[in-house]
Every structure is written in C-alpha cells, then in structure tokens.
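[1] okay, structure incoming, though there's no sequence with it:
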C-alpha cells in the first residue's frame with residue numbers, strides 16, 4: 001500500500017549506506033547508523049521550503065487569532081456562515097492552516113515507510129525493497145555495542161538470540177537513545193512554544209496543547225521506545241536535532257526580515273515627515289503671499305494718490321521771491337522785465 005513511499009525511502013537509505021560503506025566497513029553498525037541519520041537529513045532538507053511556509057502560516061494564524069475568535073463569537077451559531085467568513089479571512093490575509101501542516105503530514109507516511117523498510121531486514125530474507133540479499137544480511141549482522149539496529153528492546157529473548165543479541169545489550173543502547181530522543185523532543189517543542197504570541201499563548205486550548213507537546217509527546221519516546229527498532233529511535237533523535245537547528249535558522253531569518261521591514265516603515269515615516277515640513281512651509285508662505293497680495297494692491301493706489309497729491313502741491317506752491325535788484329526794474333506783475341511792454345507804452349520815445 002505504501003510502496004510509493006517505501007521504495008524511495010529504501011533507495012535513499014541504500015545510497016547513504018553505499019557512501020559510508022565506502023569509508024567504513026559496510027557491515028558495521030556505524031555505517032548503517034550514519035545511513036539512517038543522513039536519511040533523516042535528506043528527507044528534512046527536501047521539506048525545508050514547506051517547513052518555512054509552515055512557520056509563516058502558523059505565525060499569521062497567531063497574529064490573526066483575535067479576529068478568528070471574534071468570528072467564532074459572532075457566527076458560532078451558524079457553522080456554514082462561520083466557515084465562509086473564515087475562508088474569506090484566510091484568503092484576505094494569505095494563510096492556510098492546512099498548508100501549514102503539510103510538512104508534518106508528509107513526515108507521517110515517511111515514518112511508516114522507514115518502519116516498514118527496517119522491519120524488512122530479517123535473517124534469511126531474500127530482499128527488502130531495493131536491497132538485495134547481501135545488503136539484508138549486512139544490516140542484520142550490524143550492531144552498535146552489541147545491540148542490533150533492527151531489533152526492539154521488548155522482543156522475546158529467543159527472537160533476540162536469533163539476531164545474535166540479548167536484552168541487556170539492547171537496554172544499554174536503547175535506553176540512552178530513548179532518553180535523548182525525549183529530551184530533544186522537549187527542547188524542540190519548547191523552542192516552538194516560546195515563539196507564540198502572548199494572545200495565542202493565553203488561549204486555554206493553546207495552553208492545553210502546549211502542555212501536551214512539552215511533556216506528553218516527549219514521553220512517547222520513553223513509553224513507546226521499547227517497542228521501536230533502534231534504527232527508528234535513531235531516526236527520532238536525528239529528526240528532532242534537525243528540527244531544533246532548522247527552527248533556529250528559520251526563526252532568526254524571519255526576525256531579521258521583520259526588523260528590516262520595521263526599519264523601512266520607520267524610515268518611510270521619517271522621510272514623509274521631513275518632506276511634509278518643507279511642503280507645509282511652502283504652502284504657508286504661499287498662503288501668506290496670497291493674503292498679502294490684496295493688501296498690497298489696495299495700498300498701491302493710495303501710494304499713487306499720495307504721490308500725485310505731493311506733485312500737485314509742489315506745482316501749486318509759490319516760487320521764491322526774486323532779488324531786490326530785479327524787483328526795482330519795471331515789468332509785469334510777476335516781476336519779470338518785458339521789453340515789449342516798455343516799447344508798447346504810449347508817450348515814450350524810442
């Protein structure tokens with residue numbers, strides 16, 4: 001049923017075993033353990049972009065959680081209307097809760113695919129998906145400090161003996177792996193919870209979910225660890241270490257992007273304010289000029305009239321008196337000597 005997952009998973013595991021088998025002994029447990037670890041790294045690297053999208057979607061969901069609660073309170077009695085309003089909000093804000101869960105949903109079939117592949121390594125098995133009989137025998141004989149990668153702690157002693165191991169050897173390797181996987185799961189979940197907004201963290205449902213991911217999910221590694229092959233515990237541990245490092249990288253990048261965006265908004269506001277001040281000053285100057293123009297126009301005729309009055313007064317003013325010598329000479333009433341007047345007087349000889 002899951003062959004479309006099992007074959008690609010087994011092919012990636014085969015590739016890394018060929019790589020590490022070239023450097024180490026192909027039948028050694030270290031070569032197979034590193035192959036499982038790098039199988040995890042390969043799968044998670046392929047899911048890096050969906051993981052980034054998941055983080056962004058979850059962040060948007062937390063930012064718009066108050067609006068979602070408002071819609072739930074308003075349309076809680078009408079499920080169909082609530083679904084329509086929620087879909088409208090998601091389209092407007094550009095986030096989709098289903099797409100945010102995509103990386104997690106993809107990892108589930110991968111996990112089961114790896115589980116089927118590891119369970120296929122059995123003594124005497126002719127093949128296991130892409131692995132031939134030699135590869136199957138190599139994996140079955142591989143061990144870490146006496147513990148077989150394909151076995152579980154809970155298996156019966158006779159089954160463990162068939163694979164060439166025993167329960168104490170499985171406990172020595174399996175218990176530290178279970179504890180380390182639980183601790184890694186806890187810190188990975190804690191780092192994710194710390195990124196929640198205060199509004200989202202204050203939600204009662206979110207508080208319950210946070211407690212589960214912080215304490216219940218890590219306990220799965222302790223409770224279910226004895227029933228899982230050691231290779232699956234390696235997968236679990238490597239997956240959580242990758243997730244923790246990936247979260248730090250992605251969250252740091254998102255924080256830098258938000259800081260740059262916030263700085264751009266502040267700079268834009270500053271530039272707008274500095275541009276608006278000269279514009280306001282120019283507008284104020286223009287208004288003052290427009291207000292002063294009518295007064296200047298009214299004052300100009302008054303000044304012109306004043307100048308005309310002064311000119312007229314200067315024209316009508318009497319001329320200064322002439323010297324006495326000029327006054328003694330006969331002439332017209334203005335005191336100016338006129339030869340024609342003298343010549344024209346009767347009785348005077350020339």
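    That came through, no problem. Quick caveat: nothing in here was measured; it's all calculated off a predicted structure.

[2] for the stretch 201-350 of the chain, which residues score under the pLDDT cut-off?
    269-350 (pLDDT under 70).

[3] how far away is residue 29 from residue 107?
    Residue 29 sits 25 Å away from residue 107, going by CB to CB, to the nearest Å. Placement of C-beta: from N, CA and C, glycine included.

[4] of these two, which one has the most company?
    Counted by other CB atoms under 10 Å, residue 29 and residue 107 do not tie: residue 29 has more neighbours, with 22 against 16.

[5] contacting residues for the more buried one?
    Contacts here follow CB atoms under 8 Å, 6 or more residues apart in numbering; on that basis residue 29 touches 142-144, 149.

[6] need those in a markdown table with secondary structure, neighbour count and pLDDT, can you?
    Listed next are these as a markdown table, based on DSSP: H, G, I helix; E, B strand; the rest coil; neighbours: other CB atoms under 10 Å; pLDDT from 0 to 100:
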| residue | secondary structure | neighbour count | pLDDT |
| --- | --- | --- | --- |
| 142 | coil | 23 | 90 |
| 143 | strand | 23 | 90 |
| 144 | strand | 20 | 91 |
| 149 | coil | 24 | 91 |
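
[7] show me which of those residues is closest to residue 127.
    Closest approach to residue 127 among those (CB to CB): residue 142, at 17.3 Å.

[8] which parts of the stretch 51-200 of the chain are helices?
    65-75, 79-93, 97-100, 102-119, 133-141, 157-162, 167-194, 198-201 (DSSP state H, counting those that start in this stretch).

[9] would you check how far apart the residue nearest the centre of the chain and residue 232 are?
    Nearest residue to the geometric centre of the chain (CA atoms, centre = their mean): residue 254, 4.1 Å. Between residue 254 and residue 232 the distance, using CB to CB, works out to 32 Å.

[10] re the thing from before, output the contacts of residue 29 in a markdown table; the columns should cover distance to residue 24.
    Shown next, in a markdown table, are the contacts of residue 29 (distance: CB to CB, whole Å):
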| residue | distance to residue 24 |
| --- | --- |
| 142 | 11 |
| 143 | 14 |
| 144 | 13 |
| 149 | 14 |
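
[11] how about the nearest residue to residue 7, chain neighbours excluded?
    Distances taken as CB to CB, 6 or more residues apart in numbering place residue 129 nearest to residue 7, at 5.5 Å, with adjacent residues excluded.

[12] and that neighbour, what pLDDT?
    The per-residue pLDDT reported for residue 129 equals 93.

[13] and if you look at residue 75?
    For residue 75, pLDDT reads 82.

[14] contacts only, for the closest residue to it other than its chain neighbours.
    Excluding the flanking residues, the one nearest residue 75 by CB to CB, 6+ apart is residue 82, at 3.9 Å. By CB under 8 Å, 6+ apart, the contact list for residue 82 reads 71-72, 75-76.

[15] what is the neighbour count of residue 215?
    For residue 215, the neighbour count with other CB under 10 Å is 13.

[16] in stretch 237-246, what's buried?
    237-244, 246 (16 or more other CB atoms under 10 Å).

[17] just those: which are in helices?
    Within the buried residues of stretch 237-246, residues falling in helices by DSSP state H are 237-244, 246.

[18] could I get the residues you listed as TSV with distance to residue 199?
    Putting these into TSV (distance: CB to CB, whole Å) gives the following:
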residue	distance to residue 199
237	34
238	34
239	30
240	28
241	31
242	30
243	25
244	25
246	26
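
[19] separate out the buried members of the contacts of residue 82.
    For the contacts of residue 82, a burial check counting by 16+ other CB under 10 Å picks out 71, 75.

[20] where does the stretch 51-200 of the chain dip in pLDDT?
    Across the stretch 51-200 of the chain, residues meeting the criterion (pLDDT under 70) sit at 94-104, 200.

[21] distance of the residue nearest to residue 197 when sequence neighbours are not counted relative to residue 190?
    What sits nearest to residue 197 in space, not counting adjacent residues and going by CB to CB, 6+ apart, is residue 62, at 4.6 Å. From residue 62 across to residue 190, the span is 17 Å (CB to CB).

[22] residue 268 too?
    Distance from residue 268 to residue 190, by CB to CB: 37 Å.

[23] pretty sure residue 85 is in contact with residue 70, am I right?
    No: Residue 85 lies out of contact with residue 70 (CB atoms under 8 Å); the separation is 9.7 Å.
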